[in-house]
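let's see this in three dimensions:
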Amino acid sequence: MAWNQQTVAVVLPTYNEKNSIAGVINEFAKLGYVDDILVVNNNAAAGTSEEVATTTAREVHESRQGYGAAIARGLREVDADLVCICEPDGTFRASDLNKLLAFTPECDMVVGSRTVSNFIWDGANMGWHLRWGNWALAKIIEVLYNTAYLSDVGCTFRVIRRNCVADVLPRTHDAGSAFGLELLLVTLIRRHRVVQVPVNYQERVGVSSVTGHLHRTFALGAKMLAFVLRMRLRRRAIRAQ
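Okay, here's the model as predicted:
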């Protein structure tokens, strides 16, 4: 299997997705061109490994808790030309990987956007505070980092070329929920080519531990803004590394 004569791997971190992970894996497998599906078990709920065992995916365990720790482990474990990162909570459609891959011949990272209204489904966790908060932070990044158009900074569905992973991953440090933003910012700072593509955003199976509550969402937004400003101050140092 291959896509456009390039191998494709999918990395799925899991903590609280026991009830959705097998279905998500099977949807990626049905695409017919994914060579490797890796589940990173990040101290996941009981029964998760049993669900993964019913699929074609392989599983590794990452004991260091956090989204960033799980994704970093997954990126180190796979060996494919193109690496897709996604969450196995049912919010994304595996078929949207086709849209992301279409831009990889010209871009090093293709990031999904969840804030385009036509692609937000009923029940999706994208209230006004999340949608406009993401949009506003994306515009701040556009100005501070002189980037191409961005409309969402929190989308975890993305594809990265192997050479970009090798360059960016050693320069990331966050083990928690800010890792996705850090990965994006370091990629921009290192002058890799990035583009954003709208993806379908659906109702989650279960409750998010990060954005399922309003007060957590605002706290996360403030944390992300501070993170963007700190990274901007470190831009020259990161670029020179």
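
number of residues surrounding residue 102?
Neighbour count for residue 102, taken as other C-beta atoms under 10 Å: 15. Glycine gets a C-beta too; all of them are placed from N, C-alpha and C.

scratch that, residue 76
With other C-beta under 10 Å as criterion, residue 76 counts 13.

the one 4 residues further on now?
As a burial measure, the neighbour count of residue 80 was computed by other C-beta under 10 Å and equals 21.

ok, residue 35 next?
17.

for the closest residue in space to it that isn't next to it in sequence, give me its contacts.
Leaving aside its chain neighbours, residue 35 sits nearest to residue 7 (4.6 Å; criterion: C-beta to C-beta, 6 or more residues apart in numbering). With contact taken as C-beta atoms under 8 Å, 6 or more residues apart in numbering, residue 7 is in contact with 1, 35, 36, 80, 81, 82.

and these as CSV, adding distance to residue 95?
Shown next, in CSV, are the contacts of residue 7 (distance: C-beta to C-beta, whole Å):
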residue, distance to residue 95
1, 16
35, 17
36, 18
80, 19
81, 20
82, 16
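
mind picking the lowest-pLDDT entry from those residues?
Lowest pLDDT among these: residue 1, with 67.

strands of the protein, start to end?
Assigned by DSSP state E, the strands in the chain fall at 8-14, 36-41, 58-61, 82-85, 109-113, 158-161, 194-198.

including distance to residue 141 and mean neighbour count, could these go into a markdown table?
Listed next are the strands of the chain as a markdown table, based on distance: least, C-beta to C-beta, whole Å; neighbours: other C-beta atoms under 10 Å:
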| stretch | distance to residue 141 | mean neighbour count |
| --- | --- | --- |
| strand 8-14 | 23 | 25 |
| strand 36-41 | 27 | 23 |
| strand 58-61 | 32 | 14 |
| strand 82-85 | 19 | 24 |
| strand 109-113 | 12 | 24 |
| strand 158-161 | 15 | 24 |
| strand 194-198 | 11 | 20 |
